[in-house]
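>>> starting from these lines, generate the structure:
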Amino acid sequence: MALFGTQPPYVNPAIPFSGIIQGGLQEGLQITIHGVVQSFADRFVVNFQTGFSGNDIAFHFNPRFEDGGYVVCNTKQKGHWGPEERKMQMPFQKEVPFELCFLVQRSEFQVMVNKNFFVQYPHRVPYQLVDTIAVSGALQLSFITFQPQGIRPFHQPPMTQTVIHTVHSASGQMFRTPGIQPVVYPSMSYPMPLFTSIPHGLYPSKSIIISGTVLPDAKRFHINLRSGMDIAFHLNPRFNEKTVVRNTQINNSWGPEERNLPGNMPFTRGQSFSLWILCEVQSFKVAVNGQHLCEYHHRLKNLPGINGLEVAGDILLTHVQT
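Alright, predicted model coming up:
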């Protein structure tokens, strides 16, 4: 299987949503949807299809909350549905955030919900025909992320194929924590502070996604992208100062701070957030809750050497994807 690059995520897409899958589906590609089902929902749909017309859908995944809840899976070819496959189980709860993962295997799709295997769906048409993902129904989405198997550093057994990072808490205790983000989910949070690797370091188009909730009495928190002992990018929201400080530390010496923001402080005490750092050739671009925050030009130029992530401070950390 050829290596292929990581597609940037779709951030806070409006529903109904249709988006291109760059390069189409390939074996080993994992597509993860993060969102929450609204209280009035009766169903929602995820379609892997050819183009935007909806006439050719390789995999139709359709949770329905009626009759105790069940999930319909099907395929549509040239406008005609095939026989339904129903799983009489409902893994989603209304108003509770979820993580829904689709892993493309040679002979089937494998579906995980909140890290638990749910169903597999054998291919009825060649998966290589799929170039579009469409989502509709009564739900809100935070991210749709794409991760090729070829760049994953570690694997769970074949049924899940989820990225695993080794994460250390401040006490030195070791945790094995999923690298594919668990979105804001009450029973799931990372140990703080978090120290973990960025597999293969940074490169242009590489994304890092972090979500969490700011503590009600928060003073500050920080995210550091590290190159050895140096800090290539220090992102430091400070609530008492109502700003986000950016900087670089080389040989234990800080450079000049950058503090200007295009708008108001994007983080709020007691509120959840989703942060996306995109590495480009000349700079980092940062978005918070889908809105551009800042651009920070690289002061350390060796991008592959930037291979460590640190998160610390006054937040509950619920989502990390490197």
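
>>> name the helices or strands packed onto the helix or strand harbouring residue 210?
Taking DSSP states H and E as the definition, residue 210 sits inside strand 207-214. If you count contacts as 3 or more CB pairs under 8 Å, 6 or more residues apart in numbering; DSSP states H and E, strand 207-214 packs onto strand 139-147, strand 221-227, strand 272-279, strand 315-321. In this view, the C-beta of every residue, glycine as well, is placed from N, C-alpha and C.

>>> and the third one, how far from the chain's centre?
Here the centre of strand 272-279 is set off from its chain's centre by 10 Å, with CA atoms, centre = their mean, to the nearest Å.

>>> alpha carbons of that strand, as PDB, please.
Output in PDB follows, covering the C-alpha atoms of strand 272-279 (Å, rounded to 0.1, in the frame of the first residue of the first chain):
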ATOM      1  CA  SER A 272     -15.100  23.900  25.800                       C
ATOM      2  CA  PHE A 273     -12.900  24.600  22.900                       C
ATOM      3  CA  SER A 274     -11.400  23.000  19.800                       C
ATOM      4  CA  LEU A 275      -8.000  24.100  18.600                       C
ATOM      5  CA  TRP A 276      -6.300  23.300  15.300                       C
ATOM      6  CA  ILE A 277      -2.700  24.000  14.500                       C
ATOM      7  CA  LEU A 278      -1.700  23.600  10.900                       C
ATOM      8  CA  CYS A 279       2.000  23.500  10.000                       C
END
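
>>> rewinding a little: need the mean per-residue confidence for the strand holding residue 210.
Across strand 207-214, the average pLDDT comes to 87.

>>> also stretch 22-33?
When pLDDT is averaged over stretch 22-33, the result is 92.

>>> go on, stretch 68-83?
96.

>>> show me which residues of that stretch are buried.
69, 71, 73-76 (16 or more other CB atoms under 10 Å).

>>> got it, and stretch 42-60?
43-50, 54, 56-60.

>>> ditto for stretch 262-277
Buried residues in stretch 262-277 (16+ other CB under 10 Å): 266-267, 272-277.

>>> then stretch 289-302?
So, applying 16+ other CB under 10 Å, buried residues of stretch 289-302: 289, 293-294, 296, 298, 300.

>>> looking at those residues, which is nearest residue 89?
residue 289 (32.8 Å; CB to CB).

>>> hmm, back to that, now, the most widely separated pair of the buried residues of stretch 262-277?
Between any two of the buried residues of stretch 262-277 (CB to CB), the greatest distance is 17.4 Å, for 272 and 277.

>>> got a list of what residue 226 touches?
232, 306-310 (CB atoms under 8 Å, 6 or more residues apart in numbering).

>>> buried among these? Make that a PyMOL selection.
Buried residues among the contacts of residue 226 (16+ other CB under 10 Å), as a PyMOL selection:
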select buried, resi 232+306+307+308+309
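
>>> could you dump the contacts of residue 226 to a markdown table with pLDDT and secondary structure?
Shown next, in a markdown table, are the contacts of residue 226 (pLDDT from 0 to 100; DSSP: H, G, I helix; E, B strand; the rest coil):
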| residue | pLDDT | secondary structure |
| --- | --- | --- |
| 232 | 98 | strand |
| 306 | 96 | coil |
| 307 | 93 | coil |
| 308 | 94 | strand |
| 309 | 94 | strand |
| 310 | 95 | strand |
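
>>> out of the contacts of residue 226, which is nearest to residue 139?
Using CB to CB, these come closest to residue 139 at residue 309, 29.2 Å.

>>> so that closest one versus residue 195, what's the distance?
Using CB to CB, to the nearest Å, one obtains 7 Å as the distance from residue 309 to residue 195.

>>> same thing with residue 287?
In terms of CB to CB, residue 287 sits 24 Å off from residue 195.

>>> ok, residue 120 next?
On the measure of CB to CB, residue 120 and residue 195 end up 35 Å apart.

>>> so which of those two has more stuff around it?
Neighbour count, other CB atoms under 10 Å: between residue 120 and residue 195, residue 195 has more, with 18 against 14.

>>> on the three-state scheme, that one is what?
Under the three-state scheme (DSSP: H, G, I helix; E, B strand; the rest coil), residue 195 adopts strand.

>>> so what's it bridging to?
Beta-bridge partners recorded for residue 195 (DSSP bridges): residue 168, residue 310.

>>> my read: it touches residue 307, true?
No. Assessed by CB atoms under 8 Å, residue 195 is found out of contact with residue 307, at 11.9 Å.

>>> check contacts around residue 32.
99-102, 143-145, 147, 180-181.

>>> what bridges to it?
According to DSSP bridges, beta-bridge pairing links residue 32 with residue 101, residue 145.

>>> please apply the same query to residue 108.
Residues in beta-bridge contact with residue 108 (DSSP bridges): residue 122.

>>> pLDDT below threshold where in the stretch 101-250 of the chain?
Where the stretch 101-250 of the chain drops to pLDDT under 70, the residues are 149-189.
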